[in-house]
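Novice: The following block contains a protein sequence and its predicted model.
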Amino acid sequence: MANNVEFNDPSYARPLARQNKGSFLSKMVISMGLAKDEASAQKALIGVLVVVLVLTAAVWWLTLR
């Protein structure tokens, strides 16, 4: 015996999906025109991280000599 019960109460409605807001840095890179979308902004930020790490290592190595 099947009970076909439907609730028309709006409190049982499925919540709307949250949109990914993205990070502050990604938005900043996009607003500066360095990237067109979230994915390219992430790639640009990874590139900046690599450059900063290389420069840090170079300065550290030069100061130890």
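Specialist: Cool, got the structure.
Novice: and residue 28, how many residues sit next to it?
Specialist: 13 (other C-beta atoms under 10 Å). C-beta: built from backbone N, CA, C; applies to glycine.
Novice: Show the pLDDT at the residue most central in space within the chain.
Specialist: In the chain, the centroid-proximal residue (C-alpha atoms, centre = their mean) is residue 22; its distance is 4.2 Å. pLDDT recorded at residue 22 is 77.
Novice: Contacts only, for residue 37.
Specialist: For residue 37, the contacting residues are residue 30, by C-beta atoms under 8 Å, 6 or more residues apart in numbering.
Novice: Report pLDDT for it.
Specialist: The score at residue 37 is 93. That number is its pLDDT.
Novice: Could you measure from it over to residue 25?
Specialist: Look at residue 37 and residue 25: by C-beta to C-beta, to the nearest Å, they are 14 Å apart.
Novice: Now do the contacts for residue 39.
Specialist: With contact set as C-beta under 8 Å, 6+ apart, residue 39 has no partners.
Novice: Tell me the buried residues in the strand or helix carrying it?
Specialist: Assessed by DSSP states H and E, residue 39 sits inside helix 38-64. Neighbour-count burial for helix 38-64 flags 41, 42, 44, 45 (criterion: 16 or more other C-beta atoms under 10 Å).
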